[in-house]
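Novice: Predicted model and sequence below, questions to follow.
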Amino acid sequence: MSKAWITILGATGSIGVSTLDVIARHADRYAVYALTGFSRMLELEAQCLIHQPLFAVVADQAQACALQQSLRQAGSKTEVLWGEEALARVAGDSQVEVVMAAIVGAAGLRPTLAAVQAGKRVLLANKEALVMSGALFMQAVRDSGAVLLPIDSEHNAIFQCMPADYQAGLGKVGVRRILLTASGGPFRDMRAEDLASVTPKQACAHPNWSMGQKISVDSASMMNKGLELIEACWLFDARPDQIEVVVHPQSVVHSLVDYVDGSVIAQLGNPDMRTPIAHALAWPERIDSGVSALDLLATGSLDFRAPDLKLFPCLGLARQAAEAGGTACAQLNAANEVAVEAFLAGRIGFTDIPVIIEATLNRMTPEPVEDLNHIMAADALAREHAQRWLANRH
Ligand code: NAD
Ligand code: MG
């Protein structure tokens, strides 16, 4: 079997590291074409020395020169490129078969789209890209014949629980609704009055998953589940009202599909992203991921409850944006990115996050999406409104 060349966009992040862990277990199947990183250059250098990619891509020329020099000194043949165009290039090059899209936030949109447009097998972790550009993104998948496989554990679970022909439409294949599980994050049992004073450190200490900072804060505010609701609408051609969010504190049931005959199919596993990564890498085959077998007896019980929309208004805001459609989801995502960054920088409190997002959305009217430039303009304007809110506040 010839090896499949893989590009990992966002190799130095949490998903990137887990992807390299799985790939290292299957050196007979995969060869690394490119690794990209934005900061943490020492980690990227170490990854290059171990995995010997043909290319590494960094943010700017200075980083590129420094990395190129140290790699050469260590005897590595990896060529270092830099900038946005290089990201799109290593995502779309003809030799590449698989692209792991694991850059965080809107920055991942263009390179992820480049992979889709080039018809790759795209492993989608970068949910923000799909949230921003849903219709356009899915059209590009259909046009190019790209194989889009979800990495988000919930969507990967839903994909595994769907019938093979689900793309015919949920109604046609007997699916009644999708049950999207949520851990509820570190603050799920907190009193409303205590939420205002939580710190970034507390927000990033997720009880079940170890993840990058941005998604950890999103999980704490439940905006992550809101973004995932929008993501599920696009991936499975579902209406927002066909998706129900269920809080499941153990994070063992990764989501469920409810059929018209009363059957409910769930996917279970330990909360470790290497499972969906291995699934998407090898689909339709199965390969070892390094994740230990689920011990149901040790888990004991599985609990489910409704989300508290008063405590976590971000989830309701995301549902509204999903229903509004058009540019609303790009606006929601942009305002959230600004708010999360401000929270992580200690500029605002945790409960200001939904306030900024709502204020931003109230100032903008969603429009039907014309093209990528239109989406980027909506994103930029929403960032401007959110930044102005922050500036007026201080
Ligand atoms: P992370 O912060 O750990 O890593 C992000 C990666 O993106 C890093 O390699 C970083 O260098 C790169 N990056 C950041 N800003 C960039 C920019 N402006 N340009 C180019 N590259 C940039 O994040 P993560 O937890 O690995 O999450 C990555 C994506 O996967 C996110 O969209 C997240 O929502 C999604 N996701 C993550 C998990 C998880 O368990 N970590 C689960 C589901 C989905
Ligand atoms: Mg998820």
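Specialist: Okay, I see it. Ligands and ions are numbered 1, 2, ... in the order given.
Novice: C-alpha from now on. contacts and neighbour counts both.
Specialist: OK.
Novice: A helix includes residue 258, no?
Specialist: No - secondary structure of residue 258 (DSSP: H, G, I helix; E, B strand; the rest coil): strand, not part of a helix.
Novice: Dihedrals phi and psi, the residue nearest to it when sequence neighbours are not counted?
Specialist: The shortest distance from residue 258 to any non-neighbouring residue, by Cα to Cα, 6 or more residues apart in numbering, is to residue 264 (4.4 Å). The phi and psi values for residue 264, taken as degrees, to the nearest 10, are phi -120, psi 120.
Novice: for the protein, which helix is longest?
Specialist: helix 372-393 (DSSP state H).
Novice: Quick check: buried residues in that helix?
Specialist: Within helix 372-393, the residues scored as buried using 16 or more other Cα atoms under 10 Å are 372, 375-376, 378-387, 389-390.
Novice: just curious, which of those is nearest to residue 308?
Specialist: Residue 308 lies nearest to residue 386 out of the buried residues of helix 372-393, by Cα to Cα, at 25.1 Å.
Novice: near ligand 1, which residues of this protein?
Specialist: 10-16, 37-39, 102-105, 107, 125-128, 152, 211-213, 215, 273 (Cα under 6 Å from any ligand atom).
Novice: Narrow those residues to just the buried residues.
Specialist: Counted by 16+ other Cα under 10 Å, the residues of the chain next to ligand 1 give 10-16, 37-38, 102-105, 125-128, 152, 211, 213, 215, 273 as buried.
Novice: Which members of the residues you listed additionally contact ligand 2?
Specialist: residue 152 (Cα under 5 Å from the ion).
Novice: now, which of the buried ones among the residues of the chain next to ligand 1 lie within helices?
Specialist: 14, 15, 16, 127, 128, 213, 215.
Novice: and the first one, what pLDDT?
Specialist: Think residue 14. In this model, residue 14 is scored at 97, pLDDT.
Novice: Might one say that residue 343 is in contact with residue 200?
Specialist: Yes - under the criterion of Cα atoms under 8 Å, residue 343 makes contact with residue 200 at 6.9 Å.
Novice: which stretches of the stretch 151-300 of the chain form helices?
Specialist: 153-161, 192-195, 200-204, 213-221, 223-235, 274-282, 296-299 (DSSP state H, counting those that start in this stretch).
Novice: So which of the ones you listed is nearest residue 27?
Specialist: Closest to residue 27 of the helices of the stretch 151-300 of the chain is helix 274-282 (Cα to Cα; 12.8 Å).
Novice: mind listing what's buried in the closest one?
Specialist: Neighbour-count burial for helix 274-282 [16+ other Cα under 10 Å]: 274, 275, 276, 277, 278, 279, 280, 281.
Novice: I'd like to know how far the residue sitting furthest away from the middle of the chain sits from residue 391.
Specialist: For the chain, the largest distance from the centre (Cα atoms, centre = their mean) belongs to residue 73, which lies 35.3 Å off. Distance of residue 73 to residue 391, given as Cα to Cα, to the nearest Å: 46 Å.
Novice: Show the contacting residues for the residue in the stretch 51-200 of the chain that ligand 2 sits nearest to.
Specialist: In the stretch 51-200 of the chain, the residue found nearest to ligand 2 is residue 152; the distance is 4.5 Å by Cα to the ion. Listed by Cα atoms under 8 Å, 6 or more residues apart in numbering, the contact partners of residue 152 are 124, 125, 127, 276.
Novice: Repeat that for residue 232.
Specialist: Counted by Cα under 8 Å, 6+ apart, residue 232 has contacts 155, 238, 243.
Novice: Can you name the residues of the stretch 101-250 of the chain sitting close to ligand 2?
Specialist: Proximity of the stretch 101-250 of the chain to ligand 2 is confined to 152, 153 under the rule Cα under 5 Å from the ion.
Novice: Now stretch 267-277 - C-alpha only, PDB.
Specialist: Only the C-alpha atoms of stretch 267-277 are listed here, as PDB (Å, rounded to 0.1, in the frame of the first residue of the first chain):
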ATOM      1  CA  GLN A 267     -21.600   6.500  19.700                       C
ATOM      2  CA  LEU A 268     -19.700   6.000  23.000                       C
ATOM      3  CA  GLY A 269     -16.000   6.200  23.900                       C
ATOM      4  CA  ASN A 270     -13.500   7.700  26.300                       C
ATOM      5  CA  PRO A 271     -13.200  11.500  25.800                       C
ATOM      6  CA  ASP A 272     -10.000  11.400  23.700                       C
ATOM      7  CA  MET A 273      -9.800  13.200  20.300                       C
ATOM      8  CA  ARG A 274      -7.600  10.400  18.900                       C
ATOM      9  CA  THR A 275     -10.700   8.300  18.400                       C
ATOM     10  CA  PRO A 276     -12.500  10.700  15.900                       C
ATOM     11  CA  ILE A 277      -9.100  11.500  14.400                       C
END
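Novice: got the contact list for that stretch?
Specialist: With contact meaning Cα under 8 Å, 6+ apart, stretch 267-277 is reached by 15, 18-19, 21-22, 123, 150-153, 156-158, 160-161, 208-209, 251-256, 289-294.
Novice: Spell out which two among the contacts of residue 152 are the most distant pair, please.
Specialist: Maximum distance among those (Cα to Cα): 14.3 Å, for 127 and 276.
Novice: Packing partners of whichever strand or helix holds residue 18?
Specialist: Using DSSP states H and E, residue 18 sits in helix 14-24. In terms of contacts (3 or more Cα pairs under 8 Å, 6 or more residues apart in numbering; DSSP states H and E), helix 14-24 is packed against helix 274-282.
Novice: Report how many residues lie close to residue 139.
Specialist: Residue 139 is flanked by 13 other residues according to other Cα atoms under 10 Å.
Novice: Repeat that for residue 207.
Specialist: Residue 207 has 14 nearby residues by other Cα under 10 Å.
Novice: On the pLDDT front, check the nearest residue to it once chain neighbours are set aside for me.
Specialist: Sequence neighbours aside, residue 186 is the residue nearest to residue 207 in space, at 5.8 Å (criterion: Cα to Cα, 6+ apart). pLDDT for residue 186: 96.
Novice: do you know how far residue 186 is from residue 201?
Specialist: From residue 186 to residue 201 the distance is 11 Å (Cα to Cα).
Novice: and the two? which has more neighbours close in?
Specialist: The residue with more neighbours, out of residue 186 and residue 201, is residue 186; 20 against 12, by other Cα under 10 Å.
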